[in-house]
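only geometry, no sequence info:
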């Protein structure tokens, strides 16, 4: 008998087991199937609040179908679980055989049934089929991941946007495959991304020119002012201040929640991390050293005889400078552009986000959210890990090893 005839004379069977979880259930099910001429095509098991759901897709001889069903009914009675079966001659493509799969990750502090319903409807509207759904995190955000076939990356991103906005859900869409788990370079902005503050605003407050500087900062972040011009104007307002105000301000700087976990986890997994900042090396460099970050680029305040002159030293790290830094860091680490990730919040980050393989807008201005491939609006920087396919349980296990 040739291979085609053999396939034509086989059945595909779906087995669905559900019930209260207990040790030995999976073993008993497959022991029941073992005597028959069966090949396991696909399998998935999940336990939620002690409730077990186990699905198995099998290939079997049609002559054995009745006997398999009878033995499974007996098995269900012994285990005190429910087992449903469906056998047919229709060929079924296993998820392992499908190509072009796409991961859609939904993140929120509260995911409602309406959000799931509308996201599923949006996916279907692009022609996509949801192959699997699972939860990858429950703290500090809930992260639900959909594995989608028969759709397109750009179509999904466009279709999911309105629902995400309506229900307050952050969405990330990525192509499946090995490259998702390749070594990455993650480059972050500093002010209002890695840290919760804008250092120039803190320095301005200490210099009693806070309001004037804040107005310029906001205009620059919205893209209404050229960054270099706005930066030089703000720095000029610090002229004559003692260098000691930098040390004073540095004490008020706090890391964004989840920053240490993000960086520590990335480094444990062998990824590289860099910082690029329109802020100042006198503040950024100590933070980078504390966090073990090797690649850093930022602006430098000129200080003469312990006094801030109101000038800057060296080239300005602006939009173009940030994108250049990302490319140069990637070259140093021998990482391809496709495996770079840029995280930022302001207009000054737009070129870097465009240059990266994956751009993430973190609590960003509208223009940045529109330009980035993914947007995160909850104040937890480690939620970036969920976009990369890293489960919360794995992160917590890693943290326990410290």
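Thanks, I have it. Just so it is clear, the model here is predicted, and its values are computed rather than measured.

which SSE is immediately downstream of whichever strand or helix holds residue 286?
Secondary structure here is read from DSSP states H and E; on that basis residue 286 sits in helix 281-291. Once helix 281-291 ends, the next helix or strand along the chain (criterion: DSSP H and E) is strand 295-304.

picking that back up, who are the packing partners of the helix holding residue 286?
Contact partners of helix 281-291 among helices and strands, from 3 or more C-beta pairs under 8 Å, 6 or more residues apart in numbering; DSSP states H and E: helix 244-250, helix 259-268, strand 272-280, strand 295-304. (C-beta placed from N, C-alpha, C; glycine too.)

the same query, at a cut-off of 7 Å, please.
Packed against helix 281-291, as judged by 3 or more C-beta pairs under 7 Å, 6 or more residues apart in numbering; DSSP states H and E, are the following elements: helix 244-250, strand 272-280, strand 295-304.

just how off-centre is the longest one within its chain?
Averaging C-alpha positions (C-alpha atoms, centre = their mean, to the nearest Å) puts strand 295-304 31 Å from its chain's average.

closest one to residue 193 among the helices and strands packed on helix 281-291?
The minimum distance between residue 193 and these falls on strand 272-280, with 9.0 Å, by C-beta to C-beta.

need the helices and strands packed on helix 281-291 in TSV with distance to residue 210 and mean pLDDT, can you?
What follows is the helices and strands packed on helix 281-291, written out as TSV (distance: least, C-beta to C-beta, whole Å; pLDDT from 0 to 100):
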stretch	distance to residue 210	mean pLDDT
helix 244-250	12	95
strand 272-280	16	97
strand 295-304	17	98
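
residue 246 and residue 285 touch, don't they?
No: checked against C-beta atoms under 7 Å, the pair residue 246 and residue 285 is beyond contact range at 11.3 Å.

with neighbour numbers in mind, choose between the two.
Using other C-beta atoms under 10 Å, the more surrounded residue of residue 246 and residue 285 is residue 246, with 20 against 16.

would you mind measuring from that one to residue 222?
For residue 246, the distance to residue 222 equals 27 Å [C-beta to C-beta, to the nearest Å].

do residue 43 as well
Residue 43 sits 52 Å away from residue 222, going by C-beta to C-beta.

got it, and residue 164?
When C-beta to C-beta is the yardstick, residue 164 and residue 222 sit 22 Å from each other.

more neighbours: which of the two?
Neighbour totals were compared for residue 164 and residue 222, and residue 164 leads with 22 against 14 (other C-beta under 10 Å).

so what's the residue count around residue 180?
That count, for residue 180 with other C-beta under 10 Å as the rule, works out to 15.

so it sits in a strand?
No: residue assignment for residue 180, taken from DSSP: H, G, I helix; E, B strand; the rest coil, gives helix, which places it outside any strand.

quick check: chain neighbours aside, which residue is closest to it?
residue 389 (5.7 Å; C-beta to C-beta, 6 or more residues apart in numbering).

my read: the one you found touches residue 178, true?
No: counting by C-beta under 7 Å, residue 389 does not reach residue 178; the two are 11.4 Å apart.

which one's more surrounded, the two?
Taking neighbours as other C-beta under 10 Å, residue 389 and residue 178 compare with residue 389 leading, 16 against 6.

helix, strand, or coil at that one?
Remark: residue 389 carries the secondary structure label coil [criterion: three-state DSSP].

so what's it up against?
Neighbouring residues of residue 389 by C-beta atoms under 7 Å, 6 or more residues apart in numbering: 103, 180-181.

show me what the helix or strand encompassing residue 186 is packed against.
Applying DSSP H and E as the criterion places residue 186 in strand 185-188. Identification of packing neighbours for strand 185-188 by 3+ C-beta pairs under 7 Å, 6+ apart yields strand 272-280, helix 319-332, strand 340-344.

and it, how far from the chain's centre?
With C-alpha atoms, centre = their mean as the basis, the mean position of strand 185-188 lies at 13 Å from the chain mean.

stretch 176-196 now?
The mean C-alpha position of stretch 176-196 is separated from the chain mean by 8 Å, C-alpha atoms, centre = their mean.
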